[in-house]
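Participant: Need coordinates for the below:
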Amino acid sequence: MDGFVLNGDGICSRCASGCSQCDDSGCTECFDEFWLNGVSCDPCDSACRTCSAGTSTDCDSCFLPLTLDLDTSQCVSCEDPCRTCSAADLSNCDTCIAGYSINAFNGQCFTCDDAQCI
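Facilitator: Next up is the predicted model:
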């Protein structure tokens, strides 16, 4: 069962905070939002959904609407009016914030009135 370990006395014990798997020595795997630092699980940076490269700010994935900059392993914001975007181009939108629609051909968000948008 995640977050528990059966010790040598046959007693089930809870792993330390953030540990999804552990043994008698400590953590062996961590839940999302934590990274394995030796035998303990330390929290990732608040923008990281997962991190694992050795520090809390080396993100592997991000919470929306942030996107992962593959060069820096940092979670970054898309350019307005993007809600979500490609890490390769922060102005190339995948989705737009409220009040905007996306141009599927160029990934740009634009405003429109009811007569222009369906």
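
Participant: C-alpha from now on. contacts and neighbour counts both.
Facilitator: Noted.

Participant: quick check, distance from the helix or strand bottoming out on mean pLDDT in the chain to the centre of its chain.
Facilitator: Ranking every helix and strand in the chain by mean pLDDT, DSSP states H and E puts strand 4-6 at the bottom, with a mean of 82. Averaging C-alpha positions (CA atoms, centre = their mean, to the nearest Å) puts strand 4-6 27 Å from its chain's average.

Participant: pLDDT of the host helix or strand of Trp35, averaged?
Facilitator: Assessed by DSSP states H and E, Trp35 sits inside strand 34-37. In this model, strand 34-37 has a mean pLDDT of 90.

Participant: same check, this time on stretch 75-84
Facilitator: The pLDDT scores in stretch 75-84 average 88.

Participant: then it to PDB, C-alphas only?
Facilitator: What follows is stretch 75-84 as a C-alpha-only set of coordinates in PDB (Å, rounded to 0.1, in the frame of the first residue of the first chain):
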ATOM      1  CA  CYS A  75       7.900  26.400 -14.900                       C
ATOM      2  CA  VAL A  76       7.100  29.600 -16.800                       C
ATOM      3  CA  SER A  77       4.000  31.500 -17.800                       C
ATOM      4  CA  CYS A  78       2.700  31.700 -21.300                       C
ATOM      5  CA  GLU A  79       2.400  35.100 -22.900                       C
ATOM      6  CA  ASP A  80      -1.000  36.800 -22.600                       C
ATOM      7  CA  PRO A  81      -3.600  36.000 -23.800                       C
ATOM      8  CA  CYS A  82      -2.500  32.300 -23.900                       C
ATOM      9  CA  ARG A  83      -4.000  30.100 -21.200                       C
ATOM     10  CA  THR A  84      -1.700  27.200 -22.200                       C
END
